[in-house]
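> what would the 3D arrangement of this be:
(chains A and B)
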Amino acid sequence: MTPMDLLPFALLGGVLGLDVVSFPQAMVSRPLVAATLAGALAGDAERGLVLGVVLEMVALGTLPFGASRYPEWGSASVVGGALYATGTHGMSGQLAFGMLAALITAWASGESMDWLRKLNARWARAARPLLEQGDGHSVAALQMRGLTADLARGSVVTLVALAVLWPAFTVLSARWSGDADTERTLLAGLTSALGGATIWMLVRGTTGSRLLILAGTAVGMVLIL
Amino acid sequence: MSNAPRLPVHTRLAMLARLLVVQSSWNYETMMGNGIAFAMEPALRRLPGGPNGEQYRAAVGRESRYFNAHPYLAGLAVGALARAELEGDTVSRIERFRAACCGPLGSVGDTLVWAGWLPLCSLVALIAFGAGVGPLGVVVVFLATYNVGHIALRAWVLEAGWRHGLKIAPTLGHPVFRQGPAFIARATAAIAGVAIPLAVARIVGAHPAALAAALAVALAWTFGTALIAKRADGWRAALIGVAAYTLFSIVP
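Below you'll find the model as predicted:
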């Protein structure tokens, strides 16, 4: 894998990382979308979607409340989706490693957002005298600088993560034991458990929600049986 | 304040477009303050003297100070403050408004959007996935559903802010904000029950024993969380779980 091969993914990671906070928060950065797009770019949108679904159930628990720190799923899902989509069908370890790569990247990318917020604060402090004088150009320049830095942040995070994790994916895939079906069962169980628990935490204060969850689960069970 | 002065459509559209980047320079000191000034700036150009006038400069300086809100509801403050600035409201009244509305605009938006609309739309997309819809279809279902609400909310609050000026209480008391979160929570509860088993079934495939095992884990964990009633910090648990599984699988 050459840097030129990684470049389209880095660009996609930058654009989708931008969506998390800076522009336009249309949720193209959600794992469902981002991993599917990365999968499509890598040649297998279906595998990207499967990884996106398991990550989405985890991501339900990390909603971007206020000024809290949270994992950044846009760039992370591009990394996971790209790795899983380029893997070999039926081979074990691929979904698990794709997910692990996405989770590690989500954490690292969340940290990079914290650094960017501190950098934005430094730029805002430096521009304060001009802003206090009502300089409209400084207001626009500060917005554009933050936007550009966030795009660069997401791209660099994606590029570095793929540069490190793609070789690791190749090495670990060869050493992996166990079968792919067990792995899918384990990961589906783990992530749906997390998703279910998150939904419970979100709705438990609402009257009637327990009954509705039970009724919905009954319908879901009937549909899959 | 129902007789709002006329604001040209192109100015409103410019403000709405700028609201999409309201958090571009978000930071721990002024938070989205600069973004608020940026979104309001097209309206402020209409102040006497234009963009080089004294009033424009004073307003930009004032509006770029600390401010925070939910990004989708920031438009309510932008519309209200733009009208107050253009109508020459007193500085003290504008500053009081800025200080008072941060909390409500943050908490109302978090409850309605982050804890309500977003998870609901994710679950709708999971149902589409579980029903066998392809990658493009799932992505379109999610993005279309979510963004109909997203864009409508942004446009509506900007308009409401402009129409009501600094008196935004009636807007915050609208049924969308008062009853919407409970309605969405009920829909989320019902849809989650359908979506999660369907999604698991498609991931696991046609293996009844595996499907039963995955769903048993999911149900046990969910009810365990319900009993303990603590916040589920899911992504860290997932990271630890997948890392442990990875180690177990590669160590000979």
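
> closest to the centroid, which residue in chain B?
Closest to where the C-alpha atoms of chain B average out (Cα atoms, centre = their mean) is B:Val113, at 4.5 Å.

> do I have it right that that one meets B:Leu105?
No - shown here, B:Val113 and B:Leu105 do not form a contact pair, counting by Cβ atoms under 8 Å, at 11.5 Å. Bear in mind the C-beta positions are built from the backbone N, C-alpha and C, glycine included.

> what about the closest residue to chain A within the stretch 151-252 of chain B, neighbour count?
Across the stretch 151-252 of chain B, the shortest distance to chain A (Cβ to the nearest Cβ) belongs to B:Gly193, at 2.2 Å. Neighbourhood size, B:Gly193 [other Cβ atoms under 10 Å in any protein chain shown]: 23.

> can you pull the contacts of it?
By Cβ atoms under 8 Å, 6 or more residues apart in numbering or on different chains, the contact set of B:Gly193 is A:212-220.

> find the residues that touch each one of B:Val113 and B:Leu105.
Common contact partners of B:Val113 and B:Leu105 (Cβ under 8 Å, 6+ apart): B:His70.

> I'd say A:Gly48 and A:Leu37 touch.
Yes - at 7.1 Å, A:Gly48 and A:Leu37 qualify as touching, with contact defined as Cβ under 8 Å.

> intersection of neighbour lists for those two?
Counting by Cβ under 8 Å, 6+ apart, the residues touching both A:Gly48 and A:Leu37 are A:Gly81.

> more neighbours: which of these two?
Using other Cβ under 10 Å, the more surrounded residue of A:Gly48 and A:Leu37 is A:Gly48, with 32 against 26.

> what's the nearest residue to that one if we skip its chain neighbours?
Of all residues not flanking A:Gly48 in the chain, A:Gly39 sits nearest, at 1.6 Å (Cβ to Cβ, 6 or more residues apart in numbering or on different chains).

> so for the helix or strand harbouring that neighbour, mean pLDDT?
Taking DSSP states H and E as the definition, A:Gly39 sits inside helix A:31-42. The average pLDDT for helix A:31-42 rounds to 98.

> next: stretch B:90-105.
Across stretch B:90-105, the average pLDDT comes to 96.

> so what's the gap between it and the chain middle?
The gap between where stretch B:90-105 is centred and where its chain is centred comes out at 21 Å by Cα atoms, centre = their mean, to the nearest Å.

> contacts for it?
If you take Cβ under 8 Å, 6+ apart as the criterion, stretch B:90-105 is touched by B:62, B:65, B:67-70, B:73-74, B:76-77, B:80-81, B:84-85, B:166, B:168, B:172.

> list, out of those residues, those positioned next to chain A.
Among those, proximity to chain A is found for B:Asn68 (Cβ under 8 Å from any Cβ of the partner chain).

> how about the helices in chain A?
Taking DSSP state H as the criterion, chain A carries its helices at A:3-21, A:31-42, A:45-59, A:73-85, A:94-132, A:136-175, A:180-203, A:209-224.

> ugh, wrong one, chain B
In chain B, the helices defined using DSSP H lie at B:9-19, B:33-44, B:54-63, B:74-86, B:91-109, B:118-130, B:135-164, B:169-172, B:175-178, B:180-204, B:208-228, B:234-250.

> lowest-confidence stretch among these?
Looking at the helices of chain B, the bottom one is helix B:208-228 with a mean of 74.

> what's the nearest residue to the closest residue to chain B within chain A if we skip its chain neighbours?
At 2.2 Å from chain B, A:Gly216 is the closest residue in chain A, using Cβ to the nearest Cβ. Nearest residue to A:Gly216, sequence neighbours excluded (Cβ to Cβ, 6+ apart): B:Gly193, at 2.2 Å.

> most centrally placed residue in chain A?
Centroid check for chain A by Cα atoms, centre = their mean gives A:Trp73 as the closest residue, at 1.9 Å.

> that one and A:Arg30 touch, don't they?
Yes - under the contact definition of Cβ under 8 Å, A:Trp73 touches A:Arg30, with a separation of 6.5 Å.

> now do the shared contacts for the two.
Residues touching both A:Trp73 and A:Arg30 (Cβ under 8 Å, 6+ apart) are A:Ala59.

> deepest of the helices of chain A, which one?
Comparing those by mean neighbour count (mean count of other Cβ atoms under 10 Å in any protein chain shown), helix A:73-85 comes out on top with a mean of 34.

> is that helix positioned near chain B?
No - against chain B, helix A:73-85 shows no contacts by Cβ under 8 Å from any Cβ, the least distance being 9.1 Å.

> report the angle between that helix and helix A:3-21.
Using axes from the mean of the first three to the mean of the last three Cα atoms, to 10 degrees, the inter-axis angle of helix A:73-85 relative to helix A:3-21 is 140 degrees.

> now do helix A:73-85: which elements does it pack against?
When contacts are defined as 3 or more Cβ pairs under 8 Å, 6 or more residues apart in numbering or on different chains; DSSP states H and E, helix A:73-85 sits against helix A:3-21, helix A:31-42, helix A:45-59, helix A:94-132, helix A:136-175.

> elements contacting the worst-scoring helix or strand of chain A on mean pLDDT?
Using mean pLDDT, DSSP states H and E, the weakest-scoring helix or strand in chain A turns out to be helix A:180-203, at a mean of 89. Where contact means 3+ Cβ pairs under 8 Å, 6+ apart, helix A:180-203 is packed against helix A:45-59, helix A:94-132, helix A:209-224, helix B:118-130, helix B:180-204, helix B:208-228, helix B:234-250.

> out of those helices, nearest to B:Arg45?
Of all the helices and strands packed on helix A:180-203, helix A:94-132 sits nearest to B:Arg45, with 16.7 Å by Cβ to Cβ.

> is chain B within reach of the closest one?
Yes - applying Cβ under 8 Å from any Cβ, one finds helix A:94-132 touching chain B at A:96-97, A:99-100, A:103-104, A:106-107, A:117-121, A:123-125, A:131-132.

> elements contacting that helix?
Applying 3+ Cβ pairs under 8 Å, 6+ apart, we find helix A:94-132 packed against helix A:3-21, helix A:45-59, helix A:73-85, helix A:136-175, helix A:180-203, helix B:33-44, helix B:54-63, helix B:234-250.

> I'd like those helices laid out as CSV, including distance to A:Met91.
Formatted as CSV, the helices and strands packed on helix A:94-132 follow (distance: least, Cβ to Cβ, whole Å):
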stretch, distance to A:Met91
helix A:3-21, 21
helix A:45-59, 12
helix A:73-85, 11
helix A:136-175, 6
helix A:180-203, 6
helix B:33-44, 46
helix B:54-63, 56
helix B:234-250, 12
